[in-house]
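> Here is the input, now give the coordinates:
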Amino acid sequence: MVDIKQQIFQELTALEDATSKLRATAVNAGKQTDLEVAILTEQVKNLREKNAKATDIINQSITILKKLK
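Here you go, the predicted model:
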């Protein structure tokens with residue numbers, strides 16, 4: 001009987017350890033996802049700014065070309 005109890009406690013301990021590792025993995029994955037989203041958000045912001053500048057330059061070029069006609 002003692003052996004069965006000991007085995008049950010060992011299995012419960014192993015299950016608890018596995019659960020703790022799984023929780024840590026889930027937390028870390030969430031943090032990494034947050035970081036990836038932040039990086040992508042910053043990249044999109046930069047691309048939008050560059051796109052706006054390019055649009056302004058194109059509009060200025062069109063204006064100059066129209067004046068040259």
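> what helix or strand is Ala38 on?
With elements delineated by DSSP states H and E, Ala38 resides in helix 2-68, which encompasses its position.
> How far does that helix sit from its chain's centre?
On the basis of C-alpha atoms, centre = their mean, to the nearest Å, helix 2-68 sits 0 Å off its chain's mean C-alpha point.
> Before we move on, what's the pLDDT of Gln10?
According to the predicted model, the pLDDT of Gln10 comes to 92.
> How much space separates it from Asp17?
Gln10 sits 11 Å away from Asp17 when distances are taken as C-beta to C-beta, to the nearest Å. (Each C-beta comes from the backbone N, C-alpha and C, glycine too.)
> Kindly report the same for Asp34.
The value you get for Asp34 to Asp17, if C-beta to C-beta is used, is 26 Å.
> ditto for Gln6
With distances taken as C-beta to C-beta, Gln6 is found 17 Å from Asp17.
> what do you get for Ile62?
The spacing between Ile62 and Asp17, counted by C-beta to C-beta, is 67 Å.
> before we move on, what about Gln43?
Gln43 sits 39 Å away from Asp17 when distances are taken as C-beta to C-beta.
> now do Ala52
Using C-beta to C-beta, one gets 53 Å for the distance from Ala52 to Asp17.
> Any idea how many residues pack against Gln60?
The number of residues packed around Gln60, counting by other C-beta atoms under 10 Å, is 10.
> what sits against it?
With contacts defined as C-beta atoms under 8 Å, 6 or more residues apart in numbering, Gln60 has no neighbours.
> Give me the local confidence score for it.
If you check Gln60, the pLDDT there is 94.
> again, but for Asp3
88.
> if I look at it, how far off is Asp17?
From Asp3 to Asp17 the distance is 21 Å (C-beta to C-beta).
> All good on my end, thank you.
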